[in-house]
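K.L.:
Below are the sequence and a predicted model; questions follow.
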Amino acid sequence: MVTTKFLRYFAASGVIVASAIIPAFPAHASAYPGANGRIVYSSNQTGNYELFTASATGANVRQITRTTTGAEGQAVWSPNGKKIAFTSNRNGNDEIYVANANGTKAVNITNSPGADAQPNWSPDGKRLVFVSFRNGGLQLWTMNADGTKAANLFAGGVQPSFSPDGTKIAFTNSDPGATASTDVYVISADGTGLTNISNDAGTNSSYASFSPDGTAIAFVSDRSGRDQIWTMSVDGDRPTMITATTGQNIEPAWSPDATRIVFRSTRSGKSLLYTVKPSGKGVVKVSRGSAARGELPNWQPLPRRR
């Protein structure tokens, strides 16, 4: 995936617990409540990191980007399921692009000399929160969906994710005074009210993803000794581990109907996608075929069925 200054920084800083196998960062579940559509993900199964979509069972795989000069990843569906925002270095620098759901008409909306990555849509589809080095240091920014009116939100942080009501943003940040220790933080959309909600000193929590109804957060923690998928309430109460396997279980993203969570796991020795119920039951393997690999999954929201 993308391997510029932006990604090397996090691998070195310890923000990404599984840096040895993670080439990029996650895109989180859309806050738009609706029916479950397709899963978009990044894979190098063709030799280069490209974007693919598949059904929830892994069927009907479609490659939606084809680059020869860069890599694509960190894709996230727009709230109406008609667009994707993603990170690409196809022009030599990590930038954020917006394209149609089938990957066509991709437009670079950042065009910044510093690396820009990890886009996540506001629930009304009008703005994006993202991570940028454009001012020389790691910061969270917001901008309009066309790239205009970019504004600095917070000095630090990675993996931002809007809450379903658009009032909060969850993200991963290093713990003050701690070495290679991270927690999940929440901040108001105006940049105020910073709160550590995972609050587990000495361990690493990351990859926060709001449930579509805004009552829970799926995240990754190594507090059990290995990266596993956990859930907790939006204020950090009732942390519950929902995977317990060998290998790493990372990059959770909720289905739009909140009945399942898609994630990446190395339990089989390969980087594959799975889904699981929020209770931890009913694990289903999504990735198919001997060459199938998947990273950074995100679930497409479709309009509610009437």
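P.N.:
Cool, got the structure. All of these numbers come straight from a predicted model, not from anything done at the bench.
K.L.:
Which residue ranges of the stretch 201-306 of the chain form strands?
P.N.:
205-210, 216-221, 228-233, 240-241, 249-254, 261-265, 272-276, 284-285, 295-302 (DSSP state E, counting those that start in this stretch).
K.L.:
just the stretch 1-150 of the chain next, same as before
P.N.:
Using DSSP E, counting those that start in this stretch, strands in the stretch 1-150 of the chain cover 35-43, 50-54, 62-63, 72-77, 83-88, 95-100, 107-108, 116-121, 127-132, 139-144.
K.L.:
now the ones you listed in a markdown table, with mean neighbour count, distance to L296 and mean pLDDT?
P.N.:
To be clear about C-beta, it is placed using only N, CA and C from the backbone, and glycine gets the same treatment. Shown next, in a markdown table, are those (neighbours: other Cβ atoms under 10 Å; distance: least, Cβ to Cβ, whole Å; pLDDT from 0 to 100):
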| stretch | mean neighbour count | distance to L296 | mean pLDDT |
| --- | --- | --- | --- |
| strand 35-43 | 23 | 5 | 93 |
| strand 50-54 | 23 | 9 | 96 |
| strand 62-63 | 13 | 15 | 95 |
| strand 72-77 | 28 | 5 | 97 |
| strand 83-88 | 26 | 9 | 98 |
| strand 95-100 | 20 | 14 | 98 |
| strand 107-108 | 14 | 19 | 97 |
| strand 116-121 | 28 | 10 | 98 |
| strand 127-132 | 24 | 14 | 98 |
| strand 139-144 | 20 | 18 | 97 |
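K.L.:
Serialize those strands to a markdown table and add fields for distance to E251.
P.N.:
Shown next, in a markdown table, are the strands of the stretch 1-150 of the chain (distance: least, Cβ to Cβ, whole Å):
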| stretch | distance to E251 |
| --- | --- |
| strand 35-43 | 9 |
| strand 50-54 | 15 |
| strand 62-63 | 20 |
| strand 72-77 | 10 |
| strand 83-88 | 14 |
| strand 95-100 | 18 |
| strand 107-108 | 24 |
| strand 116-121 | 12 |
| strand 127-132 | 16 |
| strand 139-144 | 19 |
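K.L.:
Just send the strands of the stretch 201-306 of the chain back as JSON lines, with distance to N120, mean neighbour count and mean pLDDT too.
P.N.:
Shown next, in JSON lines, are these (distance: least, Cβ to Cβ, whole Å; neighbours: other Cβ atoms under 10 Å; pLDDT from 0 to 100):
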{"stretch": "strand 205-210", "distance to N120": "10", "mean neighbour count": "28", "mean pLDDT": "97"}
{"stretch": "strand 216-221", "distance to N120": "14", "mean neighbour count": "26", "mean pLDDT": "98"}
{"stretch": "strand 228-233", "distance to N120": "19", "mean neighbour count": "22", "mean pLDDT": "98"}
{"stretch": "strand 240-241", "distance to N120": "24", "mean neighbour count": "14", "mean pLDDT": "98"}
{"stretch": "strand 249-254", "distance to N120": "11", "mean neighbour count": "28", "mean pLDDT": "97"}
{"stretch": "strand 261-265", "distance to N120": "16", "mean neighbour count": "27", "mean pLDDT": "97"}
{"stretch": "strand 272-276", "distance to N120": "19", "mean neighbour count": "23", "mean pLDDT": "96"}
{"stretch": "strand 284-285", "distance to N120": "25", "mean neighbour count": "14", "mean pLDDT": "94"}
{"stretch": "strand 295-302", "distance to N120": "9", "mean neighbour count": "26", "mean pLDDT": "94"}
